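Enquirer: Test case, fold it:
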Amino acid sequence: QGMGGGMGGMGGGGGGMFNVPADKEGNFKVPCVCLEHGKPEPRPQMAYSIKPIESFTTKPGVVEMLIDLGHNRLDQRAAQAAAWHLNNGMSWAELAAKRIDYLDGRSIPYFSQSELLSGQQIASEAMAAAERDKKDDAKKPSPGETAAK
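Expert: Below is the predicted model of the structure:
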């Protein structure tokens, strides 16, 4: 199960930095979103490994959105809608149609209208940030160009 999250804002102003000695364990909360729609729901009993996001996805906007989520700038539910849109290509209509079905027959929308609207804004801003980053990277000289000067 691919999940993305960030640790900005943790550690009392430490900018997400923390230290857990090699022979110790640490418990901490990290805001996360699912990056693989349709996979089984994550549970504490599942084994997880921490990896760089770039080893999981290169879809534009995902990293930028996760950075904002990690800095507690985003509503987690709205960020989840944005994550499935950006990383899994789900349309906003598909996300609006997604429902939670209860055993007693009740069914409610998975996302509220407010969460979907915020998710659209989050996705749009993340894509714009990704485009700016791409342009900034294109303007930077390669290491070979820098050494030749």
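Enquirer: Centre-most residue in this protein?
Expert: The C-alpha lying nearest the average C-alpha coordinate of the chain belongs to Leu66 (CA atoms, centre = their mean; 3.6 Å).
Enquirer: so what's Ser118 up against?
Expert: By CB atoms under 8 Å, 6 or more residues apart in numbering, the residues touching Ser118 are Leu74, Asp75, Ala78, Ala81. Bear in mind the C-beta positions are built from the backbone N, C-alpha and C, glycine included.
Enquirer: Roughly how far does the second one sit from Ala126?
Expert: So the one you mean is Asp75. Between Asp75 and Ala126 the computed distance is 14 Å (CB to CB, to the nearest Å).
Enquirer: cool, Leu103 as well?
Expert: Using CB to CB, one gets 36 Å for the distance from Leu103 to Ala126.
Enquirer: who has more neighbours, these two?
Expert: Between Leu103 and Ala126, counted using other CB atoms under 10 Å, Ala126 has the larger neighbour count: 26 against 5.
Enquirer: got a list of what that one touches?
Expert: Neighbour list for Ala126: Gly61, Val62, Glu64, Met65, Asp68, Ala82, Leu86 [criterion: CB under 8 Å, 6+ apart].
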